[in-house]
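> Provided below are the primary sequence and the corresponding predicted coordinates.
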Amino acid sequence: MLAVIKKEFKSYFCSPVGYVFIGLFLIMFSVFFYLDVFQYQSINFEYIFYSGATILTFIVPILTMRTIAEERKTGTEQILLTSPLSITKVVLGKFIAATLIVVITEVCTFLYFGILSYFGAPHITTALVTLLGFLLLAMSYISFGIFASSITENQIIAGVITIGFFILIWFLPQFSSIFSSFSLINMFSKFPTGQIDIADTVTFVTFTIVCLLLTVIFMQRRKSVR
Amino acid sequence: MLTGFIEQTEGEIIIDGYDILKKPKKAKKEIGYMPEGVPLYTDLTVKEFVTYMAEIKGVDRKIKKEKVEKIIEQTGLKDVENKLIKNLSRGYKQRVSMAGALVGEPKILILDEPTVGLDPKQITEIRNLIKELGKKHTVILSSHILSEVSQICNKVIIINKGKIVAIDTPENLEDKVSNSNSLYMTVEDPEDKMKEINKKIKDIKKVTLTEENEDGTKQYIIESKEDVDLRKILFTELAKENITIFEMKKVDTTLEDAFMKLIEGGNK
């Protein structure tokens, strides 16, 4: 599995994908940082992540859309499926590699934490809790992105499905309160206040596991109906 | 199916004693598969790719580096080991794919159409490589180019619509369907006596005209009764009849002929 992680991680940086993801996120994050600090006079590091979470909706697909779709299209899937690696390990490897990119991005955001602590005293534990929540949210998003990538050969379609789904669950609560617990972004909202909500954490983790499991099942199933 | 890419619907596949469904990890370790159309990770260099293959096949970390070197050497990729795969020619890509199949020293190598799309020089190189590999590994070669099969393989399995039609050595297969009692002749025959020749020589079963050439010569296929070699009699008899022989040879059967006959037999 380590081999898959290594290779996937490397390929994020051999192609523009990794740079585009991190770059886009940091640019958007900087904009929100500017707005928060200068427009709203807030020096809360955590609050930027409210806006930061919405960026994920649009950039996670960049990271995930090619993961499995591309392997299927170029046929390299055959290499993986005929190797002694199990499908679970392949999927998990891809998932972890993508998650690592998010972790790198989070580490980069510490730059802003540094700037803020020069002028004021931002709270380090709250910041860390926020980052944890943000990572959990990103993991849920990535796992869904990988799932979307596994159901089609076309990267673009995988990307569109992913963005569509994220936007849908983001705005669903606005149509009816029945859907209020559907929004992953809403679930993230407690983390920046410094509390780790067990229910939300469990939901994130479950969502991730279900998506990854579905991916494995889909790939396994294709093996027997090909 | 053998490689675990597709699951079988019935029956079982046992590779070196391991059932591919129950112990996929062990069974797959014994197989090196080179897929048709050579899919590769084109963003990696040759060395990176082979190393990656070694890693996913679970080659021990300590000997990994040395194994990778050895295989790169063996498949003649030393010159290009640091080049990106996407910049390589088709022949090299084929070799890279083969190198990928070879790492981890599998007992069985499955090669799917290994010489498709190569120029003649590359084809001979790849064929020689396969022959070389055949000494150490069991090589299963799937190919549509039958002359290649008869050149390289020791044993041929012909499968038609999922059923095995024949398992044998290429030579035996050729013999089985061969009509060794046919002769192929080109003659100059101004008086058109060839048609009556079977009345003169009793052993001839049938004379068929296959082609009339522009220079006035005619091509015939002459079938004789079994176990008779007509060549000597024909030579003397035709000379008496004032027919000049330009060419005379036994009709060779190739694996292609054997294949066609077996497949047709199966369809009827």
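Looks like it arrived, so ask away.

> Show me what counts as buried in stretch A:38-52.
A:N44, A:F45, A:E46, A:Y47, A:I48, A:F49, A:Y50, A:G52 (16 or more other CB atoms under 10 Å in any protein chain shown). (C-beta placed from N, C-alpha, C; glycine too.)

> Could you tell me the end-to-end distance of it?
Using CA to CA, to the nearest Å, one end of stretch A:38-52 lies 17 Å from the other.

> What average pLDDT does that stretch get?
Stretch A:38-52 carries an average pLDDT of 83.

> Pull the residues that contact it.
A:25, A:28-29, A:32-33, A:35-37, A:109, A:112-113, A:116, A:119-120, A:122-123, A:126-127, A:130-131, A:133-134, A:188-189, A:191-194 (CB atoms under 8 Å, 6 or more residues apart in numbering or on different chains).

> mind redoing it with 6 Å?
Stretch A:38-52 has contacts (CB atoms under 6 Å, 6 or more residues apart in numbering or on different chains) with A:29, A:32-33, A:36, A:113, A:116, A:120, A:122, A:126-127, A:130, A:134, A:192.

> List the ones among the residues you listed that fall in strands.
Per DSSP state E, strands hold no members of the contacts of stretch A:38-52.

> Most neighbours out of the residues you listed, which is it?
When those are compared by neighbour count (other CB atoms under 10 Å in any protein chain shown), A:T130 ends up highest, at 27 neighbours.

> hang on, that residue packs against A:K190?
No - distance between A:T130 and A:K190: 10.1 Å, which falls outside the contact criterion (CB atoms under 6 Å).

> May I see the contacts of stretch A:38-52 arranged in CSV, with distance to chain B as well?
Supplementary listing: those in CSV, determined by distance: CB to the nearest CB, whole Å:
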residue, distance to chain B
A:F29, 28
A:F32, 33
A:F33, 34
A:D36, 39
A:F113, 34
A:L116, 39
A:G120, 45
A:P122, 40
A:T126, 40
A:A127, 36
A:T130, 35
A:F134, 29
A:P192, 38
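
> So which bits of stretch A:1-19 are buried?
Going by 16+ other CB under 10 Å, stretch A:1-19 has these buried residues: A:1, A:3-12, A:14, A:17-18.

> That should have said stretch B:136-143, apologies.
Buried residues in stretch B:136-143 (16+ other CB under 10 Å): B:H137, B:V139, B:I140, B:L141, B:S143.

> What score does the fourth one have for pLDDT?
By that I understand B:L141. With respect to pLDDT, B:L141 has a value of 82.

> From A:T67, how far off is it?
Distance from B:L141 to A:T67, counting by CB to CB, to the nearest Å: 33 Å.

> And for the third one?
Taking CB to CB as the measure, B:I140 and A:T67 are separated by 31 Å.

> Now for B:L209, how many residues are close by?
Neighbours of B:L209 (other CB under 10 Å): 12.

> any idea whether it is helix, strand or coil?
Taken by DSSP: H, G, I helix; E, B strand; the rest coil, the conformation at B:L209 corresponds to strand.

> do the one 10 residues further on as well
At B:Q219, secondary structure determined by three-state DSSP is strand.

> Quick check: the gap between the residue nearest to it when sequence neighbours are not counted and chain A.
Closest residue in space to B:Q219, ignoring its immediate chain neighbours: B:E211 at 4.3 Å, by CB to CB, 6 or more residues apart in numbering or on different chains. To chain A, B:E211 is 45 Å away according to CB to the nearest CB, to the nearest Å.

> Need phi/psi at residue 69.
Looking at chain A here, since you left the chain open. A:A69 has phi and psi values of phi -60, psi -40 when expressed as degrees, to the nearest 10.

> ok, it - contacts?
A:S149, A:T152, A:E153, A:Q155, A:A158.

> Tell me how far the helix or strand encompassing A:L213 lies from the chain's centre.
Under the criterion of DSSP states H and E, A:L213 resides in helix A:198-225. With CA atoms, centre = their mean, to the nearest Å as the basis, helix A:198-225 stands 15 Å off its chain's centre.

> list the buried ones in it?
A:200-201, A:203-204, A:207-208, A:211-212, A:214-216, A:218-219, A:222.

> Can you give me the pLDDT of the spatially most central residue of chain A?
What sits nearest the mean C-alpha location of chain A, by CA atoms, centre = their mean, is A:A138, with 2.8 Å. A:A138 carries a pLDDT value of 94.

> coming back round to it: farthest pair in the buried residues of stretch A:1-19?
Spatial extent of the buried residues of stretch A:1-19 (CB to CB) is set by the pair A:M1 and A:V17 at 20.9 Å.

> what residues does chain A put near chain B?
A:3, A:7, A:11, A:14, A:74-76, A:78, A:81-85, A:223-224, A:226 (CB under 6 Å from any CB of the partner chain).

> try 8 Å this time
A:2-4, A:6-7, A:11, A:14-15, A:74-86, A:223-224, A:226 (CB under 8 Å from any CB of the partner chain).

> Inside helices: which ones of these?
In this view, the residues of chain A next to chain B that belong to helices under DSSP state H are A:2-4, A:6-7, A:11, A:14, A:74, A:77-81, A:223-224.

> can you list the residues that contact stretch B:153-164?
With CB under 8 Å, 6+ apart, stretch B:153-164 has contacts from B:134, B:141, B:149-150, B:165-170, B:173, B:255, B:259, B:262-263, B:266-267.

> Ok, stretch B:36-47 next?
For stretch B:36-47, contacts defined as CB under 8 Å, 6+ apart pick out A:7, A:11, A:14-15, A:74-79, B:49, B:52, B:68, B:72, B:77, B:80-86, B:88, B:92-94, B:96-97, B:99-100, B:112-113, B:116, B:142.
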